[in-house]
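# I need the structure of the sequence given here:
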Amino acid sequence: MAAQAARGRQWLPPHSGVLDCRTAARRVFCAAFNASDTHLADQTFDLVVIGAGAAGMMCAATAGQRGRRVLLLDHATKLAEKIRISGGGRCNFTNLKVSADNYLCRNPHFVRSALSRYTPRDFIGLVERHGIRYHERSWGQLFCDDSAQEIIDLLRAECDDGQVSWNTPVTIQAVEATGETAPDAIRFVITTDAGHYSARSLVIATGGLSIPKIGATPFGYRIAEQFGLTVVAPRPALVPLTLPPETLARLAPLAGISFEVQARCGRGEFREAALITHRGLSGPSILQVSSYWQAQAYEDGDWEAVGLNLLPDVDAESWLLSHAGERALLGNLLAEHLPRRFAHAWCELHGWQRPLNSFRHAELRQVAATLADWRLAPSGTQGYAKAEVTLGGVDTQALSSKTMEARKQPGLYFIGEVMDVTGHLGGYNFQWAWASGHAAGEHA
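Predicted coordinates:
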């Protein structure tokens with residue numbers, strides 16, 4: 001446990017003016033948030049939500065519609081940018097086939113309660129009540145017909161229905177616990193450049209580290225550590241993988257070629273497209289297994305190879321043996337099922353670009369085995385700039401799975417991507433934002 005706790009702190013980036021936690025145990029300072037209005041200063045709220053993204057707005061709206069007095073704070077001038085850019089601008093807002101198996105979490109049962117109490121059908125009902133047209137793509141993914149802005153407008157309207165107050169952009173300068181524990185007591189004081197806010201409950205919905213250009217910071221992790229919660233080391237997830245120079249030298253000239261594979265790493269296995277890039281591999285199947293590649297490395301302390309079945313619909317051994325003795329190059333035969341340029345480059349990479357009649361049966365079986373499980377050892381990822389989400393975050397062992405409340409700090413909640421819950425590609429992370437935000441909003 002001590003080793004795990006130590007490892008959980010290794011993520012901390014250098015201090016860069018974003019946040020300084022080297023102060024008293026109950027105080028945290030942040031210089032990442034910008035100035036804002038002062039008309040709400042020195043007021044008391046039932047609930048203050050820090051972070052006006054998907055989870056934060058869902059939580060604020062839910063609590064506000066329960067009659068709670070809610071304040072929503074955010075550092076951004078433009079709210080919910082991650083929603084705005086998601087799904088190619090159309091927002092893959094949920095998935096029809098959500099289950100706990102679609103999430104990575106060190107506590108695998110943690111997500112079940114919230115997901116069962118706020119389902120995809122619940123959010124779809126909200127979308128339909130707001131008159132938003134949508135459509136289903138592959139694998140149960142739902143997208144807006146028009147624009148992701150419609151989801152942002154929906155959430156803003158729901159907050160307005162709950163009479164939620166807003167203060168954005170704002171600088172969070174300190175967060176303090178008062179020491180009170182009763183639910184109706186003032187338990188937190190939030191100091192900003194616009195004044196002080198008192199709150200009975202505080203929700204942290206500040207997201208992870210992915211896509212820093214739209215304002216991602218480690219704020220939520222630092223708040224968690226301030227109050228004694230463990231942070232599972234954050235890593236880029238749903239992210240393109242890079243390859244070592246010797247492999248890349250053969251594959252980089254094929255950048256832009258895409259084909260369907262069965263990709264696997266650890267417990268993750270996905271049949272979707274893979275894309276060769278100038279730096280390595282991308283595409284839906286690679287993004288999916290990247291999360292498992294990162295998770296496995298954290299748990300085991302070693303990097304596992306990613307396996308690709310290049311011919312998922314073909315019994316490669318029987319097919320190759322049926323062509324044994326032919327004069328055609330192996331690459332020409334593989335081009336019946338794979339892009340031609342890739343087929344020839346793949347054969348050259350393995351030293352197999354020669355006529356089929358030059359292979360012994362044992363060699364063809366070796367080729368077939370490699371086609372079914374081509375092992376690639378990534379050199380890394382393209383980092384948070386290209387990652388869709390963050391793996392790791394606030395350890396769920398310290399949180400209630402029903403309410404998202406910190407067990408040892410009454411009134412403090414963590415929701416959304418800031419937690420150690422990472423969904424698959426395809427609307428699952430938004431569904432977690434809705435479900436966790438709703439769970440906290442129902443209780444805070």
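# where along the protein do the helices fall?
2-7, 54-65, 81-85, 112-117, 120-129, 149-161, 219-226, 245-251, 284-300, 316-322, 330-334, 340-350, 361-372, 428-443 (DSSP state H).
# can I get the ones you listed in a markdown table with distance to Phe93, mean pLDDT and mean neighbour count?
C-beta coordinates here come from the backbone N, C-alpha and C atoms, glycine included. Below are these laid out as a markdown table (distance: least, Cβ to Cβ, whole Å; pLDDT from 0 to 100; neighbours: other Cβ atoms under 10 Å):
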| stretch | distance to Phe93 | mean pLDDT | mean neighbour count |
| --- | --- | --- | --- |
| helix 2-7 | 34 | 35 | 10 |
| helix 54-65 | 9 | 99 | 28 |
| helix 81-85 | 8 | 97 | 19 |
| helix 112-117 | 15 | 98 | 17 |
| helix 120-129 | 7 | 99 | 16 |
| helix 149-161 | 6 | 98 | 19 |
| helix 219-226 | 22 | 98 | 24 |
| helix 245-251 | 35 | 92 | 14 |
| helix 284-300 | 18 | 92 | 23 |
| helix 316-322 | 39 | 98 | 16 |
| helix 330-334 | 40 | 98 | 21 |
| helix 340-350 | 34 | 96 | 17 |
| helix 361-372 | 36 | 98 | 16 |
| helix 428-443 | 5 | 99 | 27 |
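# quick one: closest of those helices to Cys265.
helix 284-300 (4.4 Å; Cβ to Cβ).
# and that closest one, what does it pack onto?
strand 103-104, strand 231-237, strand 241-242, strand 258-265, strand 268-276, strand 306-309, strand 389-394 (3 or more Cβ pairs under 8 Å, 6 or more residues apart in numbering; DSSP states H and E).
# just the angle for it relative to strand 258-265, thanks.
20 degrees (axes from the mean of the first three to the mean of the last three Cα atoms, to 10 degrees).
# so of the helices and strands packed on helix 284-300, which one's packed in deepest?
strand 389-394 (a mean of 28; mean count of other Cβ atoms under 10 Å).
# please parse this protein into its domains.
Per automatic domain parsing, the domain ranges recorded for the chain read 2-235+390-443, 240-382.
# closest one to Trp352 among the helices and strands packed on helix 284-300?
Among the helices and strands packed on helix 284-300, strand 306-309 sits nearest to Trp352 (Cβ to Cβ), with 16.2 Å.
# may I have the strands that pair with that closest one, each with its orientation?
strand 258-265 (antiparallel), strand 374-376 (antiparallel) (DSSP bridges).
# next one: the residue nearest to Gly268 when sequence neighbours are not counted from Ala61, what distance?
Take Gly268 and drop its neighbours on the chain: the residue closest to it by Cβ to Cβ, 6 or more residues apart in numbering is Tyr292, 3.4 Å away. As defined by Cβ to Cβ, to the nearest Å, Tyr292 lies at a distance of 33 Å from Ala61.
# rebuild the helices and strands packed on helix 284-300 as CSV, extending it with mean pLDDT.
Putting these into CSV (pLDDT from 0 to 100) gives the following:
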stretch, mean pLDDT
strand 103-104, 98
strand 231-237, 97
strand 241-242, 98
strand 258-265, 98
strand 268-276, 97
strand 306-309, 98
strand 389-394, 98
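# hang on, the earlier thing: my understanding was that the residue nearest to Gly268 contacts Gly266; is that so?
Yes: applying Cβ atoms under 8 Å as the test, Tyr292 and Gly266 come out as touching, 4.3 Å apart.
# which residues are in contact with both of these two?
Residues touching both Tyr292 and Gly266 (Cβ atoms under 8 Å, 6 or more residues apart in numbering): there are none.
# any weak-confidence spans in the stretch 1-150 of the chain?
1-42 (pLDDT under 70).
# dump the strands paired with strand 306-309 into JSON lines; add distance to Ala406 as well.
As requested, those are exported to JSON lines (distance: least, Cβ to Cβ, whole Å):
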{"stretch": "strand 258-265", "distance to Ala406": "32"}
{"stretch": "strand 374-376", "distance to Ala406": "40"}
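# nearest to Glu246, of the ones you listed?
That would be strand 374-376 among the strands paired with strand 306-309, by Cβ to Cβ, at 11.6 Å.
# report the central residue of the chain.
Val389 (2.7 Å; Cα atoms, centre = their mean).
# contacts only, for it.
With Cβ under 8 Å, 6+ apart, Val389 has these contacts: 208, 210, 237-238, 291, 417, 422-423, 429.
# Leu356 too?
320, 323-330, 333, 364.
# cool, and Ser198?
43-45, 186, 188-190.
# is it bridged to anything, and to what?
Applying DSSP bridges, one finds that Ser198 bridges with Thr44, Val189.
# over to the one 4 residues further on?
When bridges are called by DSSP bridges, Leu202 pairs up with Val48, Leu412.
# tell me if I'm right that it and Tyr413 touch.
Yes: using Cβ under 8 Å, Leu202 is in contact with Tyr413, at 7.1 Å.
# nearest to Arg407 among the contacts of Val389?
Glu417 (20.6 Å).
# neighbours of that closest one, just the number please.
31 (other Cβ atoms under 10 Å).
# show me the residues around it that make contact.
Per Cβ under 8 Å, 6+ apart, neighbours of Glu417: 55, 207-208, 210, 389-390, 393, 429, 432-433.
# could those residues go into TSV alongside distance to Leu251?
Shown next, in TSV, are the contacts of Glu417 (distance: Cβ to Cβ, whole Å):
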residue	distance to Leu251
Ala55	38
Gly207	33
Gly208	30
Ser210	26
Val389	26
Thr390	28
Gly393	33
Asn429	29
Trp432	34
Ala433	36
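# that older thread, most neighbours of all the contacts of Ser198, which one?
Phe45 (24 neighbours).
# how far away is the residue nearest to Gly268 from Thr230?
22 Å.
# repeat that for Ala440.
Taking Cβ to Cβ, one finds Ala440 at 19 Å from Thr230.
# now Leu321
Taking Cβ to Cβ, one finds Leu321 at 54 Å from Thr230.
# for Val261, same thing?
36 Å.
# could you do Gln296 as well?
20 Å.
# count the residues that sit near the spatially closest residue to Asp146 that is not a sequence neighbour.
Leaving aside its sequence neighbours, Asp146 sits nearest to Arg133 (Cβ to Cβ, 6+ apart; 6.7 Å). Arg133 has 10 neighbours, counted by other Cβ under 10 Å.
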